[in-house]
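In: 3D, please:
(2 chains)
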2 protein chains.
Amino acid sequence: MPRLEPYSKELSYSYALGLYPSLSLLETRPETAQRLLLSQDALKDAGGAGKLREKCALLGIREEAADRVLRRESGKDNCFAALVFKKYSCELDKALPHAVLCQISDLGNLGTILRSAVAFGYRDVALIRPCVDPFEPHVIRASMGAGFRLRLKVYDDFAAYRSEFPDRACYPFMLDGARELNDIAPNAPRQHSLIFGNEARGLDASFASVGQSVLIPQSREIDSLNLSVAASIAMYTFSNSRKASL
Amino acid sequence: MPRLEPYSKELSYSYALGLYPSLSLLETRPETAQRLLLSQDALKDAGGAGKLREKCALLGIREEAADRVLRRESGKDNCFAALVFKKYSCELDKALPHAVLCQISDLGNLGTILRSAVAFGYRDVALIRPCVDPFEPHVIRASMGAGFRLRLKVYDDFAAYRSEFPDRACYPFMLDGARELNDIAPNAPRQHSLIFGNEARGLDASFASVGQSVLIPQSREIDSLNLSVAASIAMYTFSNSRKASL
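Out: Down below sits the predicted model:
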């Protein structure tokens, strides 16, 4: 077996660290799983990691002791299992609602948003560069493996995304958005895109002309909501309005 | 001036790290501010830290160069300013809605929730032990100083909170909650408490008898929402229903 490298964007593989993310991978993208890494403790103990080892055995995925790699990639001493998997690419489904994240820069925020996207039925997520790497092990861990259930695609800029999907209703979320979330969500068509900006800067003013700009009403005493909170509230409210209108 | 200690729960003071949290402190609780810490760079440059230095001068708060303390407390090289402030205590307002966080364990989650609490008009927040220390500099930083705008009180257990406020409508949020968020929020009285459990375990089953248990509808493919996302969606929806019914 080739030596496992410290994770970097250039590698053809990544690490699903932890039990829950590993099980999510096996459930959704088993064909990408390559090697099961276990700590000495997990190898001795039939408990927590048992189910994962069983599934891997059935799929013919080889297991190996890799304490050092687990510690290195997680930065922690309590990561007992991980799957090495081959990176994959996806195309977005144009018939379904999208979430579009422009220049997102925080690993934890991205993971949390991917978890909420699965929760609220946004299966298709576009990332606009520059952005964090969605295959980063810490993103996967923050998403609890939810990212594996999504179709994720990275675009060089918003224009590239827009030219692939020219006919959708776009809803850029802005602090000076023209309409309030609860007024807009009930009338959105199914083929829509919720668009969010960078943590520090938000979306620039040009996005107001991309579609119907939306505001989440909030006290002026804070600068803004946390990005993962704002995106989650938006997806929740849109998905809930969709259900209510069925 | 006495030497500044590394932050610990036992100290009588804490640190508001960064420009925005420091300005929030001066706006809301100026009487607690004791010393302004600046990096050599901030002392030389009249730019970013200028407004903060001006305000401190007006209030008679002494400034000092403290690169080492700033680096130590922030864990980063790019923290240019901080205020040392005296810890304070608050009582909750029984006439207003409360958020109750039981055994919250993540600094970032608490900070994010406090930011959302200000955003959505939950000025009174109860923390049930064991919980992270709300004066921890990293909580304050994650809240962007929003915590200073709140009345925060820590209770030994939920019973202690409940006995101080026996007559409120309680809404424990649970994965097996009996009613859905959007059905419940519109009919909530003003004096209510939204109750959230620990990140990993949620609320235990006994909370179902404390009040009307509530569920945020979500796909079964994820284990749960991130706690700060769940609490923020709940506060947003309740506050929005309140406004709609005015």
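
In: hey, let's count contacts and neighbours off CA atoms from now on
Out: Noted.

In: In chain A, which helix is the longest?
Out: Among all segments of chain A classified by DSSP state H, the helix with the greatest residue count is helix A:227-244.

In: which parts of that helix are buried?
Out: Within helix A:227-244, the residues scored as buried using 16 or more other C-alpha atoms under 10 Å in any protein chain shown are A:227-242.

In: among those, which are within reach of chain B?
Out: The subset of the buried residues of helix A:227-244 within reach of chain B, counting by C-alpha under 8 Å from any C-alpha of the partner chain, consists of A:228-229, A:232-233, A:236.

In: if we look at the longest helix of chain A, which residues are touching it?
Out: Under the contact criterion C-alpha atoms under 8 Å, 6 or more residues apart in numbering or on different chains, helix A:227-244 has outside partners A:109-110, A:112-113, A:116-117, A:120-122, A:181-182, A:185-186, A:188, A:190, A:194, A:196, A:198-199, A:216, B:228-229, B:232-233, B:236.

In: what about dumping the CA coordinates of that helix to CSV?
Out: Extracted as CSV, the C-alpha positions of helix A:227-244 are listed here (Å, rounded to 0.1, in the frame of the first residue of the first chain):
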residue,chain,number,x,y,z
LEU,A,227,-23.0,32.7,8.0
SER,A,228,-24.0,29.1,8.8
VAL,A,229,-26.9,30.3,10.9
ALA,A,230,-28.1,32.7,8.1
ALA,A,231,-27.9,30.0,5.4
SER,A,232,-29.6,27.4,7.6
ILE,A,233,-32.5,29.8,8.5
ALA,A,234,-32.9,30.6,4.8
MET,A,235,-33.0,26.9,3.8
TYR,A,236,-35.3,26.0,6.6
THR,A,237,-37.8,28.7,5.8
PHE,A,238,-37.8,28.0,2.0
SER,A,239,-38.1,24.3,2.5
ASN,A,240,-40.9,24.8,5.0
SER,A,241,-42.8,27.1,2.8
ARG,A,242,-42.5,24.5,0.0
LYS,A,243,-44.0,21.8,2.2
ALA,A,244,-46.8,24.1,3.4
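
In: Determine how far that helix lies from the middle of the whole chain.
Out: Centroid separation between helix A:227-244 and its chain, computed with C-alpha atoms, centre = their mean, to the nearest Å, is 16 Å.

In: likewise stretch A:143-163?
Out: Using C-alpha atoms, centre = their mean, we find the averaged C-alpha position of stretch A:143-163 to lie 8 Å away from the chain's own average C-alpha position.

In: The residue most central in space within chain A sits in which helix or strand?
Out: Most central in chain A under C-alpha atoms, centre = their mean is A:Leu114, positioned 3.1 Å from the mean C-alpha point. In this structure, A:Leu114 is located in helix A:107-119 according to DSSP states H and E.

In: Is there proximity between that helix and chain B?
Out: Yes: with C-alpha under 8 Å from any C-alpha as the measure, helix A:107-119 is seen reaching chain B through A:112, A:115-116, A:118-119.

In: if I pick A:Ala82, what's in contact with it?
Out: Residues counted as contacts of A:Ala82 (C-alpha under 8 Å, 6+ apart) are A:15-19, A:22, A:36-38, A:70.

In: Which member of the residues of helix A:107-119 next to chain B is positioned nearest chain B?
Out: Proximity to chain B was ranked across the residues of helix A:107-119 next to chain B by C-alpha to the nearest C-alpha; first place goes to A:Ala119, at 4.5 Å.

In: Stretch A:4-12: which residues count as buried?
Out: Per 16+ other C-alpha under 10 Å, stretch A:4-12 contains these buried residues: A:Tyr7.
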